[in-house]
Structure formats: C-alpha cells, structure tokens
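K.L.:
Here you go, sequence then predicted model.
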Amino acid sequence: MKRHVLKLLTAGGALLLALSLLIDLRLPSFGTRRSEGEACQEVVQERAKLSRSQLAKLLTISEGNKKQQIREVVKEPYCKLTDLQVRVGAIAQREAYPLEFDPQTWFIVLYEGDQYAGYRFSFRQGS
C-alpha cells in the first residue's frame, strides 16, 4: 500500500515538474520570447546540446546554489548571451543550451556572479 502511494506521489511530482517547464513566471523581466539580446555573443561549444535527462537534473537544482552544480550536469554552454540587468545593482550572465530533442528551443541559464539565479526557455524561429 505504501509503495503505491509513493508511486502516485512521484508521478504527481513529475507532472508538476513538467508543468513548470511550460509556466515559469518567476522572472518576468527575463521574458519568454526571443529578443534581439538573445543573439550569441560568443560561441563556446558548437556541439553542446541538452538531453532530456540533463534537463531533468537541471530543473532539480535550486536557485542560489553555486554555478559548479550546474557545471556538474552540463559542462560548457553552446554560447554566452549578452549580460542582463535583472534587478537594480545586479548584472547577470546568461548561457544558452539548445535542447537535443528540440533545437529551436534553448534552455537559458542565468547567473549572478558564481550563483545560479534561474532559467528560462527561449523559443527560436528558424535559426
């Protein structure tokens, strides 16, 4: 009986995680559409792509953790984007990873210094 409840809780958690992929309202100024500021400033690793399992691992990392935790899941990004001011006095660095299973969608990671500050998805048009 307890095993069945645990499976239901796990399935519910997975569903919530999937929904969080579709709705991420935590950083409204970070947006959801591709803007001119999302052109690569520097290509770091042309072959970098994010697999489903890497994406699932990244989504479990809490904001505020060290950048090193992200690097343990993914080594180098495809490219670096322009820096962004998300809040007054804080300049954030952004790195982009195309999704292996949907290259038109990029997972963008936001850092403030050496601290993981969040993520968002960028839906690209015919790149």
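P.N.:
Right, received. Where do you want to start?
K.L.:
what's next to the helix or strand residue 94 falls within, contact-wise?
P.N.:
Residue 94 is part of strand 90-99 when elements are defined by DSSP states H and E. With contacts defined as Cβ atoms under 8 Å, 6 or more residues apart in numbering, strand 90-99 is touched by 38, 40, 44, 48-50, 55, 74, 77-86, 105-112, 117, 122. Any C-beta I mention is one placed from the backbone N, CA and C, and that applies to glycine too.
K.L.:
Read off the pLDDT value for residue 38.
P.N.:
You'll see residue 38 listed with a pLDDT of 76.
K.L.:
Equivalent analysis for the one 10 residues further on, please.
P.N.:
If you check residue 48, the pLDDT there is 93.
K.L.:
Pull the number of nearby residues for residue 62.
P.N.:
By the other Cβ atoms under 10 Å criterion, the neighbourhood of residue 62 contains 7 residues.
K.L.:
ok, it to residue 116 distance?
P.N.:
According to Cβ to Cβ, to the nearest Å, residue 62 and residue 116 sit 8 Å apart.
K.L.:
on that earlier part again, show me how to select, in ChimeraX, the buried members of the contacts of strand 90-99.
P.N.:
Remark: buried members of the contacts of strand 90-99, expressed as a ChimeraX selection using 16 or more other Cβ atoms under 10 Å:
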select :38,48,49,50,55,74,77,78,79,80,81,84,86,106,107,108,109,110,111,112,117,122
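K.L.:
what about this protein, any weak spots by pLDDT?
P.N.:
The model of the chain has pLDDT under 70 over residues 1, 3-37, 126-127.
K.L.:
show me where the protein has helices.
P.N.:
With helices called from DSSP state H, the chain shows them at 2-22, 52-58, 67-73.
K.L.:
dump the residue contacts of the residue nearest to residue 70 when sequence neighbours are not counted.
P.N.:
In space, and not counting its chain neighbours, residue 70 is closest to residue 116: 5.7 Å by Cβ to Cβ, 6 or more residues apart in numbering. By Cβ under 8 Å, 6+ apart, the contact list for residue 116 reads 61, 62, 63, 64, 65, 66, 67, 69, 70, 109, 110.
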